[in-house]
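>>> dropping the sequence and predicted coords here.
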Amino acid sequence: MSSIMVQEGGTAEGLSLPRLTRSTSATGRWDDHLFRLLIRASALSLLLIVLGMVAVLTMEALPSIRAFGWRFLVTSTWDPVAQRFGALPLVYGTVVSSLLALLIAVPLGIGTAVYLAEVAPLWIRPPISFLIELLAAVPSVVYGLWGLFVLVPWLRAYVQPALGATLGFLPLFQGPPYGVGMLAAGLILALMIVPFIIAVGREVLLAVPNTQREAALALGATRWETTRLAVLRYARSGLVGAILLGLGRALGETMAVTMVIGNRPEISASLFAPGYTMASLIANEFTEATSDLYLSALVEVGLLLFLVTVIVNALARLLIWSVGGAVKEVRE
Amino acid sequence: MWTNVPVRRVLHLALLGLASLVLTAGFAVGPVSAQMLINGAGATFPYPIYSKWFDEYSKVDPSVRFNYQSIGSGGGIRQIRERTVDFGASDGPMTDEQLRQAPGRIFHIPTVLGAVVATYNLPGDPKPRFTPDLLADIFLGKIVKWNDPRIAAVNPGVALPNQPIIVVHRSDGSGTTYIWVDYLSKVSKEWEQKVGRGTSVNWPVGLGGKGNEGVSGQVKSTPGAIGYVELAYAIKNNLPAPAVRNRAGKFVQPSIQSTTAAAAGAARNMPPDFRVSLTDPPGEDAYPIASFTWLLVYGDQSDEAKGKALVKFLRWAIHDGQKYASDLLYAPLPPQVVSQIEAKLKQITYQGKPLQATR
C-alpha cells in the first residue's frame, strides 16, 4: 500500500517546478521576464489558432447551418445533386472506426510498451524501438494502398467468411464479404496508431523512477504486481496521453481510411458493411464542390469533426479519470 | 523526456525545408523574370496533355511560361470566376448559374476528348458487352446477378457466372463520374429522376473507391465487380473495357478513334458556346460515353499582352497541339470542331477589339 504514497509524492514533485521559476522571476531578472512573455505568447497563440479555426469554420458553414439546422446531424442522405445533406452516417463511421481501432490497438500497444520497458532483454530494445519509430513515419497513403491490395483481399477471401461462419449469429458479422468496409478501416487504423501508442507509452514507462519498482519489490510484490501497481498506475496519465494521441490520429485519418472503408454514407450494424468517415468525405468531395451550399455543407462536416474530436477526447479523459478514481478509493 | 529527440528532429527538418525553399525560390525566379507568366488551374484529367503542351509550346514561343495547378474542375471554375487565374480548366461545362455569377463572359474552349469505360472482374474472362439500359439498371441496383436473363440476352454464347454484381464507383468528386452519370441520365429516365448528374452523386448501390486507381484496385480484387474508369487509364493498365451499344444501334469498342468519332457526330449540332455533352451522340462509329475537356477563358481579356499570348497558345493547341494527344491516350478534336473553335477564338477581345488578327 505504501507504493501508492510514493506514487502521489512523485507527481507532486513535478508540480513544484513552475513555482521555482516564479520565485526567481520575482527578483526581477529581465531574461526571466522575457522568457515568461515568450512562453505565454506561444501558449496564447495556440489558443488563438484554435479559436480562429472554429470561427472561420462556423462562418463558412453558416449557409448550410441555416439551410438544414439540426437535420444536418440526424439525417442520413448525402445527395450533392439534390443539395440535401445529412451527416449522421459520417459521424457514426468516424466514431465507430476509431473505437474499433482503439479496441485493437490499446491492448496491443500498451502490452508492447510494457514488454519493451519492463521485460525485454536489453539488447532487443533498440532494434524493436527503431522499427516502431519507422512504422510511425510511414505515410498514410502507403498504409492505404497496402490495405487495398493486401489486407482487403485477405479479409474478403479468408477472414470474413470464417467470421461469418462462426460468429454470424451476431449482427456485427453479417452480410456479404466485400473486404472493404468498417472492419478493414478499423484494422488499418489500429495498425497506424499502434506505433504511436507504443513509442509514447514506452517513453512514459521508462520515465517511471526506479524507486517505484524497488519499493514494490521490497514489499514482496511479484513482477506482475510491481508492473501493475507501481509502474502502470504511476504512468497512468502519460499512457492516457499516448492513447489519446492515437485516438486523435484515428479520428482525423483521411487517406488510408478512404481507400478501404467503401465510402458509402450508410449506418449498418455489421462491421462487414461499407461506411464513410467525415475526414474521408471532405477529402473526397472538396476539390469538385462547385455550388456554395455544397461547399458550406462540407465545411460544416469539418466543424462537426472538430466538435466530435473534442467531445470524444473529453469523454475518454472522463472515463479514464473515473475508472482510476474508483480504483484508488477502493485501495484506500 | 521522450519529446526531446522528435522535437529536435522536426526542428532540423523544418530548417532544412526552409533553406531548400529559399534556395530553389531564388533559382526559379532569377533567370525567368523577363518571361510572361500565364496562370491556370483546374481539371486533373487533362493535366498530362496540358503539361506536355506547355513544354512543347515553350519551344515555339519562349517568351511565355505557363503555370498550371491541377486542383480539380471545381477549383478551376471557382478560380476563373474570382479572376485569380488567367484561365481555368474543367471536365464538365459551367452551369448557367455559375456563368451568371462570373464577372464577365466566359468562353468554353474544347481542347481534347476523353472517354469513360466500364471495367469488370469476372472469373474465366468472358467478354460481355453492354446496352445502355443494362448499364443503367446495374448501377441502379436493379440487375444484381451476372447471369441475369437480360444480360444473357445481349451476350449470346458468353458464359456468365451465377455471381452477385458488386458495383464500384468513384468516391471523390470527379469529371469522370460526371461523364458516366451524364450518360446514364440520358439513357435512363429513372436514373435522371432518382440520381441525376454531378461530379458526386448519391449512389443507389455500390462501394466507393478513391480515384481511378481506387476503383480499378477494388474491381481487380473483387470477383463479380463492375466499375468505371477513364479510357486512358484502362488502356495503360490493360483493364477490360467492354463495347457499349451506341444510339445508332452498333456495339462500339471504346478507343481513341471512336471517341473522336463521338465529337464528329455531335459537330453538326454544336451550340455556339461549346457547352455540349457528347454522351450518347449520333454517329455509326461513335463510342457513346465521351466528353470534351475545356479551357475556360474570359471573352474580354483584362491584359492585352497576356490575352494575345493566350489566344496564340490556344490556336496552337487546337492545331499543332493535337498531334500529341494520341500518344498520351487522349482523343484529338475532329477537324469540323477545330474550325468551329477557330471562329470562336477570333471573338476573344481586349476592350472590344479582337486579339487575333483576322486573316
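Ah, there it is. Quick caveat, the model's predicted, so the values are computed rather than measured. Residues are numbered from 1 along each chain as shown, chains lettered A, B, ... in the order given.
>>> hey, let's count contacts and neighbours off CA atoms from now on
Fine.
>>> neighbours of B:G352, just the number please.
Applying other C-alpha atoms under 10 Å in any protein chain shown, we find 11 residues neighbouring B:G352.
>>> list the contacts for it?
When contacts are counted by C-alpha atoms under 8 Å, 6 or more residues apart in numbering or on different chains, B:G352 touches B:D300.
>>> is it true that B:G72 touches B:G42?
Yes. When contacts are counted by C-alpha atoms under 8 Å, B:G72 is listed as touching B:G42 (4.8 Å).
>>> what touches both of the two?
Shared contacts of B:G72 and B:G42, defined by C-alpha under 8 Å, 6+ apart, comprise B:S90.
>>> so which of these two has more stuff around it?
B:G42 (31 against 25).
>>> all strands for chain A, in order.
With DSSP state E as the definition, chain A shows strands at residue ranges A:78-79, A:84-85.
>>> among those strands, which is nearest chain B?
Proximity to chain B, assessed across the strands of chain A by C-alpha to the nearest C-alpha, is greatest for strand A:78-79 (4.7 Å).
>>> name the SS class of B:V167, please.
Three-state call for B:V167 (DSSP: H, G, I helix; E, B strand; the rest coil): strand.
>>> and the pLDDT for the closest residue to it other than its chain neighbours?
In space, and not counting its chain neighbours, B:V167 is closest to B:G206: 4.4 Å by C-alpha to C-alpha, 6 or more residues apart in numbering or on different chains. Per-residue confidence (pLDDT) for B:G206: 93.
>>> just checking, B:G206 touches B:I165?
No. In terms of C-alpha under 8 Å, B:G206 does not count as a neighbour of B:I165; the distance is 9.3 Å.
>>> re the thing from before, tell me the contacts of the residue nearest to B:V167?
A:264, B:139, B:166-169.
>>> again with B:K353
B:K353 touches nothing, counting by C-alpha under 8 Å, 6+ apart.
>>> what do you get if the cut-off is 10 Å, keeping everything else the same?
With contact set as C-alpha atoms under 10 Å, 6 or more residues apart in numbering or on different chains, B:K353 has these partners: B:300, B:304, B:346-347.
>>> grab the nearest non-local neighbour of the residue in the stretch 1-150 of chain B positioned nearest to chain A.
Of all residues in the stretch 1-150 of chain B, B:G74 sits closest to chain A, with a separation of 4.1 Å (C-alpha to the nearest C-alpha). Counting by C-alpha to C-alpha, 6+ apart, B:G74 lies nearest to A:E288, which is 4.1 Å off, once chain neighbours are set aside.
>>> surely the one you found is in contact with B:G175?
Yes. A:E288 lies in contact with B:G175 (C-alpha atoms under 10 Å); the separation is 8.4 Å.
>>> picking that back up, need the contact list for the residue of the stretch 1-150 of chain B closest to chain A.
A:285-291, B:41-43, B:88-92, B:94, B:173-175, B:199.
>>> before we move on, what about A:I282?
Contact partners of A:I282, counting by C-alpha under 10 Å, 6+ apart, are A:254, A:289, A:295, A:297-302, B:172.
>>> related to what we said a few turns ago, looking at the helix or strand the residue of the stretch 1-150 of chain B closest to chain A falls within now, give me its mean pLDDT.
Assigned by DSSP states H and E, B:G74 belongs to helix B:73-81. Averaging pLDDT along helix B:73-81 yields 88.
>>> what's the following helix or strand after it?
Per DSSP H and E, helix B:73-81 leads on to strand B:87-90 as the next helix or strand towards the C-terminus.
>>> just the C-alpha atoms of the lengthiest strand in chain B, please, in CSV.
The strand of greatest length in chain B, counted in residues with DSSP E as the criterion, is given as strand B:106-120. Included here for strand B:106-120 are C-alpha records, laid out as CSV according to Å, rounded to 0.1, in the frame of the first residue of the first chain:
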residue,chain,number,x,y,z
ILE,B,106,-16.5,33.1,-70.0
PHE,B,107,-15.8,31.1,-73.2
HIS,B,108,-15.5,27.3,-73.1
ILE,B,109,-12.7,26.2,-75.4
PRO,B,110,-12.6,22.4,-76.0
THR,B,111,-9.1,21.1,-76.1
VAL,B,112,-9.1,17.3,-76.3
LEU,B,113,-11.6,14.5,-75.7
GLY,B,114,-11.7,11.7,-73.1
ALA,B,115,-13.9,8.7,-72.7
VAL,B,116,-15.1,6.7,-69.8
VAL,B,117,-15.3,2.9,-69.9
ALA,B,118,-16.9,0.2,-67.8
THR,B,119,-14.5,-2.3,-66.4
TYR,B,120,-15.2,-5.6,-64.6
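>>> who are the packing partners of whichever helix or strand comes after that strand?
Past strand B:106-120, heading to the C-terminal end, the next element that is a helix or strand (DSSP H and E) is helix B:132-140. Packed against helix B:132-140 by the contact rule (3 or more C-alpha pairs under 10 Å, 6 or more residues apart in numbering or on different chains; DSSP states H and E) you find helix B:149-154, strand B:166-170, helix B:175-187, helix B:189-194, strand B:225-230, strand B:244-245.
>>> who in the stretch 1-150 of chain B is up against chain A?
B:1-3, B:42-43, B:71-78, B:90, B:94-95, B:97-98 (C-alpha under 10 Å from any C-alpha of the partner chain).
>>> and the buried ones among those, selectable in ChimeraX?
Taking 16 or more other C-alpha atoms under 10 Å in any protein chain shown as the burial criterion, the selection of buried members of the residues of the stretch 1-150 of chain B next to chain A in ChimeraX is written as:
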select /B:42,43,71,72,73,74,75,76,77,78,90,94
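>>> got the contact list for residue 179?
The chain I'm using is chain A. With contacts taken as C-alpha under 10 Å, 6+ apart, A:G179 has the following neighbours: A:147-148, A:151-160, A:260-262, A:272-274, B:218, B:221-222.
>>> let me rephrase: I mean chain B.
Shown here is B:I179, whose contacts under the criterion C-alpha under 10 Å, 6+ apart are B:91-92, B:114-116, B:185, B:197-199, B:230, B:277-279, B:289-292.
>>> secondary structure element for B:A263?
helix B:256-267.
>>> the inter-axis angle of that helix versus strand B:106-120?
Here helix B:256-267 runs at 140 degrees with respect to strand B:106-120, directions being taken by axes from the mean of the first three to the mean of the last three C-alpha atoms, to 10 degrees.
>>> let me see the contact set for the nearest residue to B:E82 once chain neighbours are set aside.
Leaving out its chain neighbours, the residue that sits closest to B:E82 by C-alpha to C-alpha, 6+ apart is B:A102, at 7.4 Å. Neighbouring residues of B:A102 by C-alpha under 10 Å, 6+ apart: B:77-78, B:80-83, B:298.
>>> so for B:E213, what's the pLDDT?
pLDDT recorded at B:E213 is 87.
>>> so of the contacts of B:G74, which ones are in helices?
With DSSP state H as the criterion, helices contain A:285, B:175 from among the contacts of B:G74.
>>> what residues does the stretch 201-350 of chain B have near chain A?
Counting by C-alpha under 10 Å from any C-alpha, the residues of the stretch 201-350 of chain B near chain A are B:201-211, B:213-215, B:217-218, B:220-223, B:225.
>>> go again with 7 Å.
For the stretch 201-350 of chain B, the contact set with chain A under C-alpha under 7 Å from any C-alpha of the partner chain comprises B:201-202, B:207-210, B:214, B:217, B:221.
>>> sort out for me which of those are in helices.
When helices are assigned by DSSP H, the members of these inside them are B:214, B:217, B:221.
>>> most neighbours among these, please name it.
Among those, the one with the most neighbours (other C-alpha under 10 Å) is B:G214, at 25 neighbours.
>>> buried ones in stretch B:335-355, by neighbour count?
Within stretch B:335-355, the residues that qualify as buried by neighbour count (16+ other C-alpha under 10 Å) are B:337-338, B:341, B:344-350, B:354-355.
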